[in-house]
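Participant: Mind folding the following:
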Amino acid sequence: MAGERTERRLAAILAADVAGYSRLMGADEVGTLAALKAIRREVVDPALAEHRGRIVKTTGDGLLVEFASAVDAVICAMAVQALMAKRDQSGIVFRIGINIGDIIIEGDDIFGDGVNVAARIENECAPGSVCLSGSAFEQVRGKTEFTFDDLGEKSLKNIDRPVRLYAVRREGKNAQAASEAKKPLPMPEKPSIAVLPFQSMSGDPEQEYFADGMVEDIITALSRFKSLFVIARNSSFTYKGKAVDIKQVGRELGVRYVLEGSVRKAGGRVRITGQLIEAATGAHIWADRIDGSLEDVFDLQDEVTQRVVGAVEPSITQAEINRAQEKATTNLDAYDLYLKALAVHYSQTPADIEEALRFLDRAIDLDPNYSWAKAFAAYIHGFKLTQGWVRRSELETGRKLAREAIVLSRDDPNTLGYAAHALALMSREYEVPVACMDRSLQLNPNSANVLMRSGYLRTWISDADTAIDHFIRSIRLTPLDPQLGYHYHGLAIAHAIKGEFEKTLDYGRRAAREMPRWIPPYTSIAVAAVRTGQQQEAEAAVKQVLTFSPGYTIALRTENSFFRDKWVTDIFSDGLRAAGLPEG
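Facilitator: Take a look at the predicted model:
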């Protein structure tokens, strides 16, 4: 009605969603929905009733709640997260954002900037955490038992101004550890750099894989320089699609330099723009535009790499530069197929994994000497083995690809590292893989992925101290990796081999928090909890394993053990048996 007055009021808005909801639904749709209903009934609804929160709306994986008080909103959110942390059977983890703002009321629904900001804050939260805006912080400061960590100003999607965020945490025995985790990472002694995802300027979303692949190749080339410290792809790509503050990137990754840029691919031409920035000051060290034909794409990548190296470490020798510029293939069609396989495999769904293998098979058909494509395909066959998706005929294919990649590798560190890991995984051979892995790390000590795979290989041969060193180094090279659970679980295994079960339990818990639907961390938790007298937690961990994989047994675990030494296999079999895993 004309002249009708819009109803507004100031309110505290809580937005929550489930981290990794699509992945959870893809793995177990019925189980996830049932678990969510139980959580609503047993955790969320009672907490909202106690703290006077009103549910405005729900979505498949989240909800929007209005509070009259920011203090009530924060206390309620922390109560929910504390209760969720104690649950042991769903794998569901919430992210919660809170904002104070002006809202528009229409019936039972609410709208406005205050609501939008709360939703965007929730997107910035780590799984299992609570974050709030500066305006909400001002209302709760000094009025709760909680501690608030200033995360700085963030540029939020579709919000026209930066918003200062605060992470909420409960003081306690882990407070010091949490405080330590917030400290900026120490700067490496040698020049350190992160390469952010380049923007694809082609106007075609289907071409994004090309820009991402080029950046990965530049990261790989830079990492081969022993005198540089280069952040791994998985951490750099956490900034993809976000408006970033270069100074903040430098603090979060612990690097002195950041490279950003764009790629335009049109017709038969490619244009790369790059800016090398000193993170602490924001000063441009180097900025330029490089043009060429598509046939020159390898030369263009080399040009970017060489200009960055020349800007940050002029003393690098020509021999190192030549080695970094060696290409696994000169066939552009094979290279394009590899880039497509690389892009599609990251989802790790069965369909995408199979598509990646099809792309790689075609690349290898075009260039039978494409050693890196063979190593990458072998790695994917090994991944299928760990997921229980592989057929016996595929195991022989994977082993064959790994051996051929090693022979053809021409001392390429990534090829050697991935092929060595895959060969040991699928053949239970260790002597050749260890020699290849050592060679890979001698050639390139900067690859987080190779260090992580080396760490697992060392656990399989009971070399726990080397494994721990390699996992710690891999984590520093990729501190924001969404798949840090792999690294933490490796540390859990290594400490179990050393008999350090308190550390095994700590790293197992970390791995489970990072990757709550992945089975292996729960096996380490169960074993370590038994050894440290925490039988209830051990049984809960086994219950979680059986929720995800009802057919998981001691016999299956023993049959598929990757450990060379029986006494290591026995550590895990005996611990899981004591925790209640069926014999099978």
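
Participant: Helices along the stretch 351-500 of the chain, start to end?
Facilitator: Along the stretch 351-500 of the chain, the segments classed as helices by DSSP state H, counting those that start in this stretch run 371-387, 392-408, 413-427, 431-443, 448-460, 464-477, 484-497.

Participant: Can you lay out the ones you listed as a markdown table showing distance to residue 512, mean pLDDT and mean neighbour count?
Facilitator: Quick note: C-beta positions are derived from backbone N, CA and C, even for glycine. Converted to a markdown table, the helices of the stretch 351-500 of the chain look like this (distance: least, CB to CB, whole Å; pLDDT from 0 to 100; neighbours: other CB atoms under 10 Å):
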| stretch | distance to residue 512 | mean pLDDT | mean neighbour count |
| --- | --- | --- | --- |
| helix 371-387 | 17 | 90 | 24 |
| helix 392-408 | 28 | 92 | 19 |
| helix 413-427 | 22 | 94 | 27 |
| helix 431-443 | 27 | 94 | 19 |
| helix 448-460 | 18 | 95 | 26 |
| helix 464-477 | 16 | 96 | 21 |
| helix 484-497 | 7 | 95 | 26 |
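
Participant: okay, the ones you listed in TSV with distance to residue 211 next?
Facilitator: TSV is the format used below for the helices of the stretch 351-500 of the chain (distance: least, CB to CB, whole Å):
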stretch	distance to residue 211
helix 371-387	19
helix 392-408	26
helix 413-427	20
helix 431-443	27
helix 448-460	20
helix 464-477	22
helix 484-497	25
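
Participant: do you know which of those lies nearest residue 265?
Facilitator: With CB to CB as the criterion, residue 265 lies closest to helix 371-387 of these, at 21.0 Å.

Participant: who does the closest one touch, helix- and strand-wise?
Facilitator: helix 332-345, helix 350-366, helix 392-408, helix 413-427 (3 or more CB pairs under 8 Å, 6 or more residues apart in numbering; DSSP states H and E).

Participant: Could you rerun that using 6 Å?
Facilitator: Secondary-structure packing of helix 371-387 (3 or more CB pairs under 6 Å, 6 or more residues apart in numbering; DSSP states H and E): helix 350-366, helix 392-408, helix 413-427.

Participant: circling back to that earlier point, out of the helices of the stretch 351-500 of the chain, which comes closest to residue 536?
Facilitator: helix 484-497 (19.1 Å).

Participant: Now the terminal residues of stretch 233-245, how far apart.
Facilitator: End-to-end span of stretch 233-245 (CA to CA, to the nearest Å): 18 Å.

Participant: repeat for stretch 31-50
Facilitator: 28 Å.

Participant: ok, now how distant is the most centrally placed residue in the chain from residue 205?
Facilitator: Closest residue to the average C-alpha location of the chain: residue 482 at 1.4 Å, with CA atoms, centre = their mean. For residue 482, the distance to residue 205 equals 21 Å [CB to CB, to the nearest Å].

Participant: the helices in the stretch 151-300 of the chain, which residues?
Facilitator: Under DSSP H, counting those that start in this stretch, the stretch 151-300 of the chain gives helices at 175-182, 208-223, 233-236, 246-253, 297-312.

Participant: Mean pLDDT, distance to residue 457 and mean neighbour count for the ones you listed - can I get that in a markdown table?
Facilitator: As requested, the helices of the stretch 151-300 of the chain are exported to a markdown table (pLDDT from 0 to 100; distance: least, CB to CB, whole Å; neighbours: other CB atoms under 10 Å):
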| stretch | mean pLDDT | distance to residue 457 | mean neighbour count |
| --- | --- | --- | --- |
| helix 175-182 | 45 | 28 | 11 |
| helix 208-223 | 87 | 19 | 22 |
| helix 233-236 | 90 | 19 | 22 |
| helix 246-253 | 89 | 27 | 20 |
| helix 297-312 | 81 | 29 | 19 |
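
Participant: out of those, nearest to residue 518?
Facilitator: helix 233-236 (15.4 Å).

Participant: can you list contacts of the closest one?
Facilitator: With contact meaning CB atoms under 6 Å, 6 or more residues apart in numbering, helix 233-236 is reached by 194, 195, 196, 216, 219, 478, 479, 480, 481.

Participant: and with 8 Å instead?
Facilitator: 194-197, 215-216, 219, 253, 448-449, 477-483 (CB atoms under 8 Å, 6 or more residues apart in numbering).

Participant: can you check stretch 142-162 too?
Facilitator: 71, 74-75, 78, 113, 116-117, 120-121, 123-124, 131-132, 137, 140-141, 163-171, 175, 178-179, 182, 242-245, 248.

Participant: Narrow these to those in strands?
Facilitator: Using DSSP state E, 131, 132, 163, 164, 165, 166, 167, 168, 169, 170 are the members of the contacts of stretch 142-162 that sit in strands.

Participant: I'd like the distance between the fifth one and residue 14.
Facilitator: If I follow you right, that is residue 165. Counting by CB to CB, the gap from residue 165 to residue 14 is 15 Å.

Participant: Much appreciated, bye for now.
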